[in-house]
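*Asks:* The following comprises the amino acid sequence and a computationally predicted model.
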Amino acid sequence: MSTTTITKSAAADQAGPAPAAPGKVRLRSERSLGRTLVSHGLLTVASLIALFPIVWLVFLSLGPDKDDYLHPGRIWSTMTLDNYSFVLQETNFFDWLKSTLIVSLGTTVIGVMIAATTGYAVSRMRFPGYKKFMWVLLCTQMFPIAVLIVPMYQILSELQLIDTYLGLILVYCSTAVPYCAWLLKGYFDTIPFEIDEAGRVDGLSPFGTFFRLILPLARPGLAVAAFYSFITAFGEVAFATTFLLDDEKYTFAVGLQSFVSEHDAQRNLMAATAVLIAIPVSAFFYLVQKNLVTGLTAGGTKG
């Protein structure tokens, strides 16, 4: 009896698993194909929706008249690059570019440095009130700009920083640092504490451990913080309009307002300037894009 049972089981093993029914396999493949088509269709529609404002802006920038946006069909027969020539030659575009890069890069460097040291300290050190400290940083983001402009103007005026790049950089850092500190704190939590201990065993100081061991590992998180700080300073309008008085120190956001008067708006020139403004942002995004996805997702694995 046992010999017969063993022989049957061995024959079953050699035969292998029974093939699935053709109908089930076909139904599963059809379902997968349907889902693929739906997902690709949704992604295509979402991509078109995202690209439409950019294409529309470029299209309007090629129109010779400021009212072409009311009759976009006329642009096809009158396309020209005169708007770009006017912006580059007849305006302070390059002064705006210089001011914007100084403020944006300054905010990025100073803001990320402060946020990185703050996030690392809260992640690794357990001092009294460290949790409340992070919540205080978060609460600073709740105040609207209209409430902050007056006290900030008084502070900068007493420090003689009105109409200076440094004053505007410090104002932007007050906005960028709290968010970046939260972001980097979450990313530092994902780095094993044993790395800090190994650095101390090798004779490194706390600052040496931070700069030589932790920062290279936190490169994706730093890239996200840098990109956020850069974008925050690059496109901000209210603070730049209030604290910058000299035409030569205007940033792009303030310079664009020169195309708008009380009774008129040169929308074709604004569109051409906006297209040119997008070039530095696109270049900066290209430099940090490899680390953006990793930095955005890794910081959320630990609280």
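*Replies:* In hand now; what should we look at? Numbering: from 1, shown residues only.
*Asks:* Show me what counts as buried in the top helix by length along the chain.
*Replies:* Using DSSP state H to assign secondary structure, the helix with the most residues in the chain is helix 22-61. Burial within helix 22-61, assessed by neighbour count using 16 or more other C-beta atoms under 10 Å, is assigned to 59-61. Yep, even glycine has a C-beta here, placed from its N, CA and C like the rest.
*Asks:* residues of stretch 100-112 that come out buried?
*Replies:* By neighbour count, with 16+ other C-beta under 10 Å as the criterion, the buried positions of stretch 100-112 are 100-108, 110-112.
*Asks:* Find the pair from those residues with maximum spatial separation.
*Replies:* Greatest spacing in these, by C-beta to C-beta: Thr100 and Val112 (17.9 Å).
*Asks:* All the helices of the chain, residue numbers only.
*Replies:* Counting by DSSP H, the chain forms helices over residues 2-15, 22-61, 82-90, 93-124, 130-139, 145-158, 165-189, 193-201, 206-209, 215-217, 219-235, 238-243, 252-255, 267-298, given from the N-terminal end onward.
*Asks:* Give me the distance between the two termini of stretch 184-195.
*Replies:* When the termini of stretch 184-195 are compared using C-alpha to C-alpha, to the nearest Å, they are 17 Å apart.
*Asks:* mean confidence for that stretch?
*Replies:* When pLDDT is averaged along stretch 184-195, the result is 87.
*Asks:* Could you do stretch 81-95 as well?
*Replies:* Across stretch 81-95, pLDDT averages out at 89.
*Asks:* What lies in contact with that stretch?
*Replies:* Contacts of stretch 81-95 from elsewhere in the structure, counted by C-beta atoms under 8 Å, 6 or more residues apart in numbering, are 61-64, 247-250, 255, 258, 268-269, 271-273, 275-276.
*Asks:* Same check on stretch 152-163?
*Replies:* The contact list for stretch 152-163, computed with C-beta under 8 Å, 6+ apart, reads 167, 170-171, 174, 239, 242-246, 249.
*Asks:* Now list the buried members of these.
*Replies:* 167, 170-171, 239, 242-244, 249.
*Asks:* Quickly check those residues for the two that are furthest apart.
*Replies:* Largest pairwise distance in the buried ones among the contacts of stretch 152-163, by C-beta to C-beta, is 15.2 Å, between Leu170 and Lys249.
*Asks:* Just send the buried residues of helix 22-61 back as CSV, with distance to Ile231 and pLDDT too.
*Replies:* Compiled in CSV, the buried residues of helix 22-61 are given as follows (distance: C-beta to C-beta, whole Å; pLDDT from 0 to 100):
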residue, distance to Ile231, pLDDT
Phe59, 24, 90
Leu60, 23, 88
Ser61, 22, 88
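*Asks:* Now for the contacts of stretch 152-163: which two are most distant?
*Replies:* Pairwise distances across those (C-beta to C-beta) peak at 22.2 Å, for the pair Ser174 and Asp246.
*Asks:* Lovely, talk soon.
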